[in-house]
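# let's see this in three dimensions:
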Amino acid sequence: MEIEFTKMHGAGNDYIYVNTLRYPIDNPEELSVEWSRYHTGIGSDGLVLICPSDQADFKMRIFNADGSEARMCGNASRCIGKYLYEEGLTNKTDIQLETLSGIKILHLHLNDKNTVESVTVDMGIPTDIHEVALGEGYIASKGIAVSMGNPHLVLFVDEINKIKLEEVGPALEHHPLFPDRVNVEFVQVLTDSKVRMRVWERGSGITQACGTGACATAVASAFTDRCGRKSSIVMDGGTLEIEWAGDNHIYMTGPATKVFDGKIEI
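Next comes the predicted model:
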């Protein structure tokens, strides 16, 4: 069976997108592992399925490069908004997207060519914000835990470029405080409205960007009075604008980019 797919990225966070309305997939866990390999597969941070929904306009399922299913991905949700509009699956510029962490609202920003230039996502209300003590043997003794529908651990550091993610990331992802594992953000504050962030993603390892991680970083920065309620989160793959608004919701704005279309046999 031949499957058509689209490779897209949001600030360098790249996924393989499949429209399951046309191409139903029974084994996404296995395919995500196989297709995500850069040397023998398509190469990506994981697999995203665009599905029908009985609760919203569409539904997103997302699988990490190790085959585990994630609850939410901000970068992938922006790319889905671009895909849905530009492929003619909807003419809405405000789209309800069902995820495992609830229904998210995507607001599409169009350019004069009627293509999607950027997307603002209502990421909902952050929860379970608190300081955690990590104990001995880690790069930091404490961090800020934040849930954006998926778990995050934000660590503030002085010199982010000296952090060896491949060495410190795995142990923190599997820290005993987080039995379901955790996404880890390393953050250096640049100004009171701008921070530099690098990420070790649960199930994928080092990635160029993480949308929920950028939101968690903004929340942790404001929670600790390092930044205000609006901040620019600069990641390896690009910058996202995050606002922790007066309604307590997090609004994330950033780019969505199509790389190429392809076909693969299963």
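
# how does this protein divide up, domain by domain?
Domain assignment of the chain by automatic domain parsing yields the ranges 2-122+253-265, 127-248.

# distance between the ends of the first one?
To tie it back to what came earlier, the one meant is domain 2-122+253-265. In domain 2-122+253-265, first residue to last residue: 4 Å (C-alpha to C-alpha, to the nearest Å).

# so for that domain, mean pLDDT?
Domain 2-122+253-265 shows a mean pLDDT of 97.

# re earlier: how about TSV for the domains of the chain, with mean neighbour count added?
In short, each C-beta sits where N, CA and C put it, glycine included. Below are the domains of the chain laid out as TSV (neighbours: other C-beta atoms under 10 Å):
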stretch	mean neighbour count
domain 2-122+253-265	19
domain 127-248	19
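
# could I get the full set of helices for this structure?
Secondary structure of the chain (DSSP state H): helices at 28-36, 74-86, 165-173, 211-223.

# columns distance to residue 146 on top of these, output as JSON lines?
Formatted as JSON lines, those follow (distance: least, C-beta to C-beta, whole Å):
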{"stretch": "helix 28-36", "distance to residue 146": "26"}
{"stretch": "helix 74-86", "distance to residue 146": "13"}
{"stretch": "helix 165-173", "distance to residue 146": "14"}
{"stretch": "helix 211-223", "distance to residue 146": "4"}
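
# quick one, which of the ones you listed is nearest to residue 237?
Ranking the helices of the chain by distance to residue 237, with C-beta to C-beta as the measure, places helix 74-86 first at 8.6 Å.

# between the two ends of stretch 129-148, how far is it?
10 Å.

# what sits up against that stretch?
The contact list for stretch 129-148, computed with C-beta atoms under 8 Å, 6 or more residues apart in numbering, reads 72, 74, 101, 123-124, 126-128, 151-157, 163, 168, 171-172, 175, 177, 182, 212, 215-216, 219-220, 223-224, 250.

# make it 6 Å
Contacts with stretch 129-148, where a contact means C-beta atoms under 6 Å, 6 or more residues apart in numbering, come from 126-128, 152-155, 168, 177, 212, 215-216, 219-220, 223.
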